[in-house]
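Undergrad: Generate coordinates for the sequence data below:
(chains A, B and C)
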Amino acid sequence: MIRALPANFFARDPRRVARALLGKLLVRRRGKIRLVGRIVEVEAYLGWGDAAAHAAAGITARNRVLFGPPGRAYVYFIYGVHHCLNVSCQPEGKAGCVLIRALEPVEGLAEMARARGLPLPAVPAGPASSRWLRQLTSGPARLCAAFGITRARDNGRDLTSRSSRLQLADDGYRPQPILATPRIGIRKAAGRRLRFVIAGNAFLSGR
DNA sequence: ATATCGATTATCT
DNA sequence: GATAATCGATATG
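TA: Predicted structure coming up:
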């Protein structure tokens, strides 16, 4: 039994949402195909007093989703190449979000591989294929590619509605322990420990 | 094993 | 005109 997370789940401080999102599922429905990944790494970006957050300079054409209702997809394009997925937090009018940084692939692996431009593995199991599995969704831009998430397609999308093609869902899994570390790839506010991971999980981004 | 670099564009100064 | 919440390729020890 899996159940979409309701809007009120996201209507609070991004730090609490971030921790609560670990172990939840990202689900993309495309006709008969279903893509599913378990969230293992996230970062919180605050609406106020966080120099690294896109919301820091106030509302702009790009970041306006952050100031809207909770539980919406904020998708941005970066380095001229990549997309990244966030979910808006806090009640409407107050900014904040959580960046989804890594997933453990659960369902639709062949579709994800195709979307990533990766060849199917010659061997379906064993340590050789764990490297291949890690390539699929271990990174914020990788998971967007695997799930076909783009700004044009998904920015502003309601992730909480029953009919949404893209959802965040709970299947009852409760991870632990959770580790807090500094966020990745930012220059400002680099010391704050607002990255949260499932400790020891094999599908975290980076080294 | 780690380090550096290029890609390519939206956004903001 | 500079910068960026990244990735993958290439170079080097």
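Undergrad: from the chain's centre, how far out does stretch A:133-142 sit?
TA: Between the centre of stretch A:133-142 and the centre of its chain there are 11 Å (CA atoms, centre = their mean, to the nearest Å).
Undergrad: do stretch A:111-121 as well
TA: With CA atoms, centre = their mean as the basis, stretch A:111-121 stands 19 Å off its chain's centre.
Undergrad: same deal with stretch A:36-55?
TA: The chain centroid and the centroid of stretch A:36-55 are separated by 9 Å, computed with CA atoms, centre = their mean.
Undergrad: got it, and stretch A:5-24?
TA: Chain-centre distance of stretch A:5-24: 12 Å, with CA atoms, centre = their mean.
Undergrad: those strands in chain A, which residues are they?
TA: Along chain A, counting by DSSP state E, strands occupy A:3-4, A:25-30, A:33-46, A:73-78, A:82-88, A:96-107, A:166-170, A:178-181, A:195-198.
Undergrad: Spell out which residues of chain A are next to DNA strand B.
TA: Proximity of chain A to DNA strand B, by CB under 7 Å from any atom of the strand, involves residues A:Ala57, A:Thr60, A:Ala61, A:Arg62, A:Asn63, A:Phe77, A:Tyr79, A:Gly80, A:Val81, A:Arg207. For glycine as for every other residue, the C-beta is placed from the backbone atoms N, C-alpha and C.
Undergrad: Where neighbours are concerned, which of those residues has the most?
TA: Tallying neighbours with other CB atoms under 10 Å puts A:Asn63 at the head of these, with 20 neighbours.
Undergrad: residues contacting that residue?
TA: Each residue near A:Asn63 by CB atoms under 8 Å, 6 or more residues apart in numbering is listed here: A:His54, A:Ala55, A:Tyr74, A:Tyr76, A:Ala95.
Undergrad: measure it to A:Pro6 for me?
TA: Separation of A:Asn63 from A:Pro6 (CB to CB, to the nearest Å): 24 Å.
Undergrad: Take the contacts of A:Asn63 and write them to CSV, including pLDDT.
TA: Below are the contacts of A:Asn63 laid out as CSV (pLDDT from 0 to 100):
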residue, pLDDT
A:His54, 98
A:Ala55, 98
A:Tyr74, 98
A:Tyr76, 98
A:Ala95, 98
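Undergrad: From these, pick the one nearest DNA strand C.
TA: A:His54 (3.6 Å; CB to the nearest atom of the strand).
Undergrad: I'd like the distance between the residue nearest to the closest one when sequence neighbours are not counted and A:Val75.
TA: Leaving aside its sequence neighbours, A:His54 sits nearest to A:Asn63 (CB to CB, 6 or more residues apart in numbering; 4.6 Å). Per CB to CB, A:Asn63 is found 11 Å from A:Val75.
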